[in-house]
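Novice: Compute the structure for the input listed below.
(2 chains)
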There are 2 protein chains.
Amino acid sequence: MKKFINTVEDFCNDSIEGFASAYSDIVTLHRKPKFISRNPPSTKPKVSIISGGGSGHEPLHCGFVGYGMLDAACPGNVFTSPTPDQILAAAEFTHSEMGSLFIVKNYSGDVMNFEMASELFPGKHKTIIVADDIATASTAGEVSRRGMAGTIVVEKIVGAAAEDGRDLDFCYNLAVKVCEQTRSIGVALTSCTVPAMGRPTFSLGKDQMEIGIGIHGEPGVSRRPIEDADVIAHQMVTSLANALDNGTHQRLLVIVNGFGATPEMELTLMYNSCLKALSKYNYTVEKSLIGNFVTSLDMAGCSLTFCVIDDEILQFWDAPVNTARLRWRM
Amino acid sequence: MKKFINTVEDFCNDSIEGFASAYSDIVTLHRKPKFISRNPPSTKPKVSIISGGGSGHEPLHCGFVGYGMLDAACPGNVFTSPTPDQILAAAEFTHSEMGSLFIVKNYSGDVMNFEMASELFPGKHKTIIVADDIATASTAGEVSRRGMAGTIVVEKIVGAAAEDGRDLDFCYNLAVKVCEQTRSIGVALTSCTVPAMGRPTFSLGKDQMEIGIGIHGEPGVSRRPIEDADVIAHQMVTSLANALDNGTHQRLLVIVNGFGATPEMELTLMYNSCLKALSKYNYTVEKSLIGNFVTSLDMAGCSLTFCVIDDEILQFWDAPVNTARLRWRM
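Specialist: Alright, predicted model coming up:
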């Protein structure tokens, strides 16, 4: 197993300790139970935006804690949901009379543990489930869509609304709207290796790729020989455009998200291929984001996310943000 | 070869076209000859800061073009120096009566082509060579040190000074000072694959690592079984502290730089290991930066950079910057 690691048991702890030390001007690490909160906390009452999920997807979610985005994030072990006590502690620590919003990726463990925390938490709150991955929708019905890089769109936009003093209902309704207009699909060139397992989660032939891969290495919808970037991008763009019913909506935020082991040079190349593929659709790309945001340990590959935007969404996307991984207008 | 690519011939072009499209609010792509300049250009006369080098190290250098850092960057083909006509065009496009400073990594091709451009360029200018890699110094004398991630420290600090209106002599002398106080060392867990070659540049056993690796896959100083992150970090920290003669200098900027295929989770873990190793030295870590900044295509591994800082360097490091890859206080 080729990783920078001490022991399997300490992998997540060592990583988050380093993260918290490096960004101590932006975040505070709480250890028992473990969660990350923004530093300094908000000085005014605001809707508290809380997320969390398994580790292995860094910078998600802890890298998005800070002004204008998340108030707290709860990291589980590798590909393992945070426990309800982590979520409860984060909710209690950041709560104000404005209420709290839980942003949860659509995985059964995450949904279940956030539900348990929700039952235990007496404060006013709501939960939004992010389910943007069209790969699973196409095989098993809409309700089974997994959460992918669309999560950071929801976190950024709702985070900005909360920072702007909007109330819980407004933030929740905005989250629902963004979720409805955001879709993603991934492609893997290699598997990832979970430290506790010590070997790749699945095997791909040396010239194979897998379209529709999940961010934990869940199977995709098709496995076939690697094609040119333009061909891959064309397929991904076509799938997303179909899912978003192009024609009525026309303005896009596009994210090319690396899964952890794909260099930036290939991600900007994929973005270029996407722009070529998009030219035959009725879209205008108004915003884009390229980089590693929602990863899958050391998987080579990327996902493509489209969010159909309007002036309201654009305003919150452009609003100031100061987190470890997204930082602008600050 | 597992890459997002169309053809070997178009690899660099496709990638930079995507980069320029994504960051069109920050940079402008010039195509014949090829260079990236900041958008909008500076509205006041200032020392023009120009860098360049082979592609494959993204986001270096184009990702650092923008307010407070580079005025232009010239990308060559993969691991190949930019040509003198690229450098000359960038120099002419960005030049003012304040003069220009060329920041060049210490590789023979880069040094030679920047020298040729320097001879052809009639405007007032100076050149600084960045040579921070202690791995080659320890085997073959100081003059042979290669340029590594220390380059971005020089680019950021001198870029801020130029933005602040300082003159060419000031910028050059500051660059000399930063270069003298900046040292790096790298470790690889895997090779990289140059597209034109189609196979790994070198082979490492499945449990081997290489200490002192260069960013083009040049051989390191020792190849041995992978050790715990704490042990690797301890060796790297010890080497850098010895090179920097700890005792007289005490304040540090620390960079943990990924080589392209190492996920953020492992980079923050390595940062944590470095902090542990640093605890026995007479250093205070005042600033840090973790991420992929100076990469080597799809190599797994990282480099560690120490820059000994003082109030002057700190002031320019903290100054506003607005580039594709570094962005703060803007």
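
Novice: Low-confidence stretches in the stretch 151-300 of chain A?
Specialist: Residues of the stretch 151-300 of chain A meeting the criterion pLDDT under 70: A:246-249.

Novice: What about the residue of the stretch 201-330 of chain A found nearest chain B, how many residues nearby?
Specialist: Here the stretch 201-330 of chain A gets closest to chain B at one residue, residue A:272, 3.1 Å apart by Cβ to the nearest Cβ. For the C-beta atoms, the positions are set from N, CA and C on the backbone; glycine is no exception. Neighbours of residue A:272 under the rule other Cβ atoms under 10 Å in any protein chain shown: 26.

Novice: ok now do the residue lying closest to it once chain neighbours are set aside, which residues does it touch?
Specialist: Of all residues not flanking residue A:272 in the chain, residue B:18 sits nearest, at 3.1 Å (Cβ to Cβ, 6 or more residues apart in numbering or on different chains). Applying Cβ atoms under 8 Å, 6 or more residues apart in numbering or on different chains to residue B:18 gives the contacts A:267-273, A:275, A:290.

Novice: What of residue A:199?
Specialist: Counted by Cβ under 8 Å, 6+ apart, residue A:199 has contacts A:1, A:193.

Novice: Look up how far residue A:301 lies from it.
Specialist: Noted for residue A:199: a distance of 18 Å to residue A:301, by Cβ to Cβ, to the nearest Å.

Novice: can you put the contacts of residue B:18 in CSV and add secondary structure?
Specialist: Shown next, in CSV, are the contacts of residue B:18 (DSSP: H, G, I helix; E, B strand; the rest coil):
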residue, secondary structure
A:267, helix
A:268, helix
A:269, helix
A:270, helix
A:271, helix
A:272, helix
A:273, helix
A:275, helix
A:290, strand
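
Novice: Show me just the buried residues among those.
Specialist: A:267-273, A:275, A:290 (16 or more other Cβ atoms under 10 Å in any protein chain shown).

Novice: Most widely separated two among those residues?
Specialist: A:267 and A:275 (13.0 Å; Cβ to Cβ).

Novice: residues from the stretch 201-330 of chain A in reach of chain B?
Specialist: A:206, A:209, A:226, A:228-230, A:232, A:260-273, A:275, A:288, A:290, A:292, A:295, A:297-298, A:300, A:302, A:327-330 (Cβ under 8 Å from any Cβ of the partner chain).

Novice: the strands in the stretch 151-300 of chain A, which residues?
Specialist: A:182-188, A:208-211, A:222-225, A:251-258, A:284-291 (DSSP state E, counting those that start in this stretch).

Novice: From what I see, residue A:97 and residue A:46 are in contact.
Specialist: No - when contacts are counted by Cβ atoms under 8 Å, residue A:97 is not listed as touching residue A:46 (10.1 Å).

Novice: more neighbours, those two?
Specialist: residue A:46 (22 against 7).

Novice: Where does the residue of the stretch 1-150 of chain A at minimum distance from chain B sit, in terms of helix or strand?
Specialist: Here the stretch 1-150 of chain A gets closest to chain B at one residue, residue A:18, 3.1 Å apart by Cβ to the nearest Cβ. Using DSSP states H and E, residue A:18 sits in helix A:11-22.

Novice: what angle sits between that helix and strand B:251-258?
Specialist: Interaxial angle of helix A:11-22 relative to strand B:251-258 (axes from the mean of the first three to the mean of the last three Cα atoms, to 10 degrees): 140 degrees.

Novice: immediately after helix A:11-22, which helix or strand?
Specialist: strand A:27-31.

Novice: Paired strands for that next one, with orientation please.
Specialist: strand A:34-38 (antiparallel) (DSSP bridges).

Novice: quick one: buried residues of the partner strand?
Specialist: Judged by neighbour count (16+ other Cβ under 10 Å), strand A:34-38 contains these buried residues: A:34-38.

Novice: ok, now stretch A:14-28?
Specialist: Buried residues in stretch A:14-28 (16+ other Cβ under 10 Å): A:14-23, A:26-28.

Novice: biggest separation within these, which pair?
Specialist: Across these (Cβ to Cβ), the longest gap, 19.6 Å, separates A:14 and A:26.

Novice: related to what we said a few turns ago, just the buried residues of the residues of the stretch 201-330 of chain A next to chain B.
Specialist: Of these, these count as buried by 16+ other Cβ under 10 Å: A:209, A:226, A:229-230, A:232, A:260-273, A:275, A:288, A:290, A:292, A:295, A:297-298, A:300, A:302, A:327.

Novice: rewinding a little: export the contacts of residue B:18 as JSON lines, with columns for distance to residue B:61.
Specialist: Formatted as JSON lines, the contacts of residue B:18 follow (distance: Cβ to Cβ, whole Å):
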{"residue": "A:267", "distance to residue B:61": "17"}
{"residue": "A:268", "distance to residue B:61": "14"}
{"residue": "A:269", "distance to residue B:61": "17"}
{"residue": "A:270", "distance to residue B:61": "21"}
{"residue": "A:271", "distance to residue B:61": "19"}
{"residue": "A:272", "distance to residue B:61": "19"}
{"residue": "A:273", "distance to residue B:61": "23"}
{"residue": "A:275", "distance to residue B:61": "23"}
{"residue": "A:290", "distance to residue B:61": "17"}
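
Novice: and residue A:327, what is it in contact with?
Specialist: If you count contacts by Cβ under 8 Å, 6+ apart, then residue A:327 has A:321, B:327-328 around it.
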